[in-house]
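here is my input; please provide its structure:
(2 chains)
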Amino acid sequence: MNKFAICLMLACAACSSARADSASAPVTKVVTPAAQDGKKSIGAACTDKDGWQPPTDPAATAREPDDAALAVAVPEGTIDTPDLAPGVLYCLQPGGVFPYGYLTSNCKVHSDCPEGTRCDDMHCRLPCEVDKECATPQVCGVPAGNLQVRFCSCPECVLRAGER
Amino acid sequence: MGRKILAAACGALLHLSCDADGPSDSSVREIVGTSREALTIGQTTINAVAGQVLTETSATAFRTAGGAWQRVNASNSGAGRFDYSCTADNYASWCSHTLFMGAGNTAALGDVGLVSNGGATPRTYGVTMTSARDGYWFFRTTNPCPVSGGSCQNSSWETSRHTVASPTLVDLPQILASPTTGDIWIVSRGNTGMLLAKHSYGQAWNTNLTLYSNPCAGLVGKSTDRFRAAFDSNGQMHIVFVNYTDGIVQYEQFAPSGGGAFLCGLETVGPVNLPPDACGCGGVPTIPDLTNTCVRSLTIPNITVDMTANSMVVSYETNAGGACSGHTETRVYRKATIGSPWSYRMHTGCHTSVMPAVASINDGTSNVHMMTLYNPSGTGNLRPVNWTSVDGGATWNNGTYIGNSITFAGVNCYAGDYVSIVQDPPNASYFFTWGQNTPNWTIQGAVRGK
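Down below sits the predicted model:
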């Protein structure tokens, strides 16, 4: 069993159930290691150095000196952030709608998320109600996803990308 | 805005110019690729307007009602212009044309698309954004590349303007033809994210497009953009796009039959991280590793469907992580059948590799081709590279350089947003187009190979 398969097993050991949930359902506390030791928690600014890191692919660690345009095959079982189990923190890197990055974990239902945070169908979010809760240029967005969660982001930041 | 046309198509003033002195700038070069490839290149250029950097490119192969084949590639070389080159003699010679959209000739902005359909009256269709970015210029012809006595002739296009969204919200229209109905579809961003527009086969010209906007509840409140689509052999549309809010490339299907319906079983293709803005490009990500740090990097996913197996391949660029941090990579994902999950198959390593264009094209050896612009070691430039697969995208061969270095010297944030690859059926081959600045900014086209 290669290390990618092992990583897959560990990360998916606590894969979320597929049970239905709703915005009004009680929130069950999920304590993450980060929340316990006072480090960054859901919604915090972050960089690609924060949270879960992808396994190093030895085939992709160097810029080939001979200019060969290598097609690097990806091993079966390789996991990435969408595959991580609830509770595993990682960073939505700075840029796009999150100019400062956004620390999060995966979820399908609110109970997959730490206390005080909500699930927008896919990610745990720190809820907001008004814009002043958000660091400029972010705003408190419209209710998002099936679970209708409001959280800080900057939709205008990506609209600018289409300007010429 | 639902399915209501916001404003009717209106008439347009179309001006057209054509080189008066016969077939235009063309050259033939040879590039020896891998051991199984020897590319003979009949190449064309579309010269940029002075001071203007060419950006997007598009291409199509067109079979006229008489059975003759033409190949067309296009770009915008200035506001109001739709520039294209074409060959009607299997790359032996080229004609260059320019369409000017609208009164004052400043009404078209950019983002070009070309596609051709068949049927009793086959046509080539084109699309480009309006300058207000509230809709499209949509145009068509039955003969994009008339030639008589060896000389290029003026071509004749029908054109229409369609307002489909509020100003500034339309972006990146892609045009495609249904293989089962011949309908022409435009996929773009609209008021609330994804917007599809249909011109039915046989429908009267200059009448309203039928609009479909995405009603999927899972996307409400999410920022989505960069929509790209492909049809399968049954006429179902498969769409990929960037979901910025969730940091992923996402996939969904659209069923065009009947009233048309989005099938909201949203699927994650893979994660995407935007490169940082390295030079104050208004927050727009820029391409790493270049001498010019100000060339923007638009993460535009691409999708292609193998019509024999209905397997799919998606490629996109993303900021690489881990040991490759600081570079971008192009990733390739595959869906073996319509019902199977996405599988991460290949990436392009620690070299910055951007603007992938992928297409299912059987050239007798390979059946999927992907073109990217790739950063060779020790250079601050990009070079076009062709990547191939012989098994529908399950495994990939190393890439082959197919063009000269692009230096991006002295250009602004908007150089080269996307490239194009298209099938060349009569040659059982393909051709590429991309923007290149050697010696001047041009669209290089018709690199074909087997």
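
low-scoring stretches of the stretch 301-450 of chain B, by residue?
B:409-417, B:436-450 (pLDDT under 70).

recalculate using a threshold of 80.
B:321-323, B:402-405, B:407-418, B:434-450 (pLDDT under 80).

same check, this time on chain A
Ranges of chain A meeting pLDDT under 80: A:1-39, A:55-67, A:158-164.

where along it do the strands fall?
Remark: strands assigned in chain A by DSSP state E are A:72-73, A:90-92, A:102-104, A:118-119, A:124-125, A:139-140, A:152-153.

with respect to B:Ser75, which of those strands lies nearest?
B:Ser75 lies closest, by C-beta to C-beta, to one member of the strands of chain A: strand A:72-73, at 31.5 Å. Every residue, glycine included, has its C-beta placed from N, CA and C.

report the beta-bridge partner residues of the nearest residue in space to B:Pro426 that is not next to it in sequence.
Distance criterion C-beta to C-beta, 6 or more residues apart in numbering or on different chains; nearest residue to B:Pro426, sequence neighbours excluded, is B:Trp69 at 4.9 Å. Applying DSSP bridges to B:Trp69 gives these bridge partners: B:Arg63.

was I right to think B:Trp69 contacts B:Asn90?
Yes - contact status for B:Trp69 versus B:Asn90: in contact at 7.3 Å, counting by C-beta atoms under 8 Å.

find residues that contact each of those two.
Listed as contacting both B:Trp69 and B:Asn90 by C-beta atoms under 8 Å, 6 or more residues apart in numbering or on different chains are B:Pro426.

skipping adjacent residues, who's closest to the residue in the stretch 351-450 of chain B that chain A sits nearest to in space?
As assessed by C-beta to the nearest C-beta, chain A sits closest to B:Gly399 within the stretch 351-450 of chain B, at 3.2 Å. Spatial nearest neighbour of B:Gly399, chain neighbours left out: A:Ala69 (3.2 Å); criterion: C-beta to C-beta, 6+ apart.

how far away is B:Ser429 from A:Lys132?
As judged by C-beta to C-beta, to the nearest Å, B:Ser429 and A:Lys132 stand 60 Å apart.

quick one: contacts for the residue nearest to B:Gly399?
B:Thr348, B:His351, B:Tyr374, B:Val385, B:Trp387, B:Asn398, B:Gly399, B:Thr400, B:Tyr401.

and the gap between the third one and A:Cys157?
Same thing as B:Tyr374. For B:Tyr374, the distance to A:Cys157 - C-beta to C-beta - is 28 Å.

looking at these two, which one has more neighbours?
For B:Tyr374 versus A:Cys157, neighbours defined as other C-beta atoms under 10 Å in any protein chain shown are more numerous around B:Tyr374 (25 against 20).

show me what contacts that one?
Residues near B:Tyr374 by C-beta under 8 Å, 6+ apart: A:Ala69, B:Thr348, B:His351, B:Thr352, B:Ser353, B:Leu382, B:Arg383, B:Pro384, B:Val385, B:Gly399, B:Tyr401.

from B:Thr168, how far out is B:Gly280?
For B:Gly280 relative to B:Thr168 (C-beta to C-beta), the value is 21 Å.

swap that for B:Cys350, sorry
37 Å.

more crowded one of those two?
B:Cys350 (27 against 13).

which SS class is that one?
Look at B:Cys350: counting by DSSP: H, G, I helix; E, B strand; the rest coil, its state is coil.

does B:His351 touch B:Gly378 like I think?
No - applying C-beta under 8 Å, one finds B:His351 not in contact with B:Gly378, separated by 10.9 Å.

okay, those two: which has more neighbours?
B:His351 (28 against 9).

quick one: contacts for the more buried one?
Here B:His351 is in contact with A:Arg63, A:Glu64, A:Ala69, B:Asp289, B:His327, B:Glu329, B:Tyr374, B:Asn375, B:Pro376, B:Ser377 (C-beta under 8 Å, 6+ apart).

now the buried members of those residues.
A:Arg63, A:Ala69, B:Asp289, B:His327, B:Glu329, B:Tyr374, B:Asn375, B:Pro376 (16 or more other C-beta atoms under 10 Å in any protein chain shown).

ok, the residue of the stretch 351-450 of chain B closest to chain A - how many residues close by?
Around B:Gly399 there are 27 residues (other C-beta under 10 Å).

doesn't A:Ala71 make contact with it?
Yes - under the criterion of C-beta under 8 Å, B:Gly399 makes contact with A:Ala71 at 6.6 Å.

which neighbours do the two share?
Common contacts of B:Gly399 and A:Ala71 (C-beta under 8 Å, 6+ apart): B:Thr348, B:Trp387.

quick one: low-confidence parts of the stretch 151-300 of chain B?
B:279-284.

list, one by one, the residues from it near chain A.
Taking C-beta under 8 Å from any C-beta of the partner chain as the measure of proximity, the stretch 151-300 of chain B contacts chain A at B:168-169, B:171-172, B:189, B:217-223, B:225, B:244-248, B:268, B:270-271, B:273-277, B:282-285, B:296, B:298.

now those residues: which count as buried?
Those of those that meet the buried threshold are B:169, B:171-172, B:189, B:218-223, B:225, B:244-248, B:268, B:270-271, B:273-277, B:283-285, B:296, B:298, by 16+ other C-beta under 10 Å.

quick check: B:Val284 vs B:Thr407, distance?
20 Å.

got it, and B:Thr400?
For B:Thr400, the distance to B:Thr407 - C-beta to C-beta - is 21 Å.

wait, B:Arg71 sits on B:Thr87?
Yes - using C-beta under 8 Å, B:Arg71 is in contact with B:Thr87, at 5.3 Å.

more crowded one of those two?
Ranked by neighbour count (other C-beta under 10 Å), B:Arg71 and B:Thr87 place B:Arg71 first, with 29 against 24.

got the contact list for residue 74?
As the question left the chain open, I've gone with chain A. Here A:Val74 is in contact with A:Asp57, B:Tyr344, B:Arg345, B:Met346, B:His347 (C-beta under 8 Å, 6+ apart).

oops, wrong one, chain B.
Counted by C-beta under 8 Å, 6+ apart, B:Ala74 has contacts B:Ile46, B:Thr57, B:Ser58, B:Ala59, B:Phe82, B:Asp83, B:Tyr84, B:Ser85, B:Val112, B:Leu114, B:Gly126, B:Ile443.

on that earlier part again, just the contacts of B:His351 now: which is nearest A:Ala45?
Nearest to A:Ala45 among these, with distances taken as C-beta to C-beta, is B:His327, at 23.2 Å.

what's the average pLDDT for stretch B:74-85?
What stretch B:74-85 shows for mean pLDDT is 76.

these two touch, right, B:Val295 and B:Phe408?
Yes - counting by C-beta under 8 Å, B:Val295 touches B:Phe408, with 5.1 Å between them.

which one's more surrounded, these two?
In this comparison of B:Val295 against B:Phe408, neighbours counted by other C-beta under 10 Å, the higher total goes to B:Val295 at 27 against 23.

now that one: how far from B:Gly393?
Distance from B:Val295 to B:Gly393, by C-beta to C-beta: 28 Å.

with B:Thr121 instead?
Taking C-beta to C-beta, one finds B:Thr121 at 34 Å from B:Gly393.

what ranges does chain A have for its helices?
A:3-11, A:33-36, A:155-159 (DSSP state H).

check contacts around B:Val358.
B:Asn302, B:Ile303, B:Thr304, B:Val313, B:Val314, B:Ser315, B:Val332, B:Val368, B:His369, B:Met370, B:Met371, B:Ile421.

show me how far the strand or helix carrying it is from its chain's centre.
Using DSSP states H and E, the element containing B:Val358 is strand B:353-359. Averaging C-alpha positions (C-alpha atoms, centre = their mean, to the nearest Å) puts strand B:353-359 10 Å from its chain's average.
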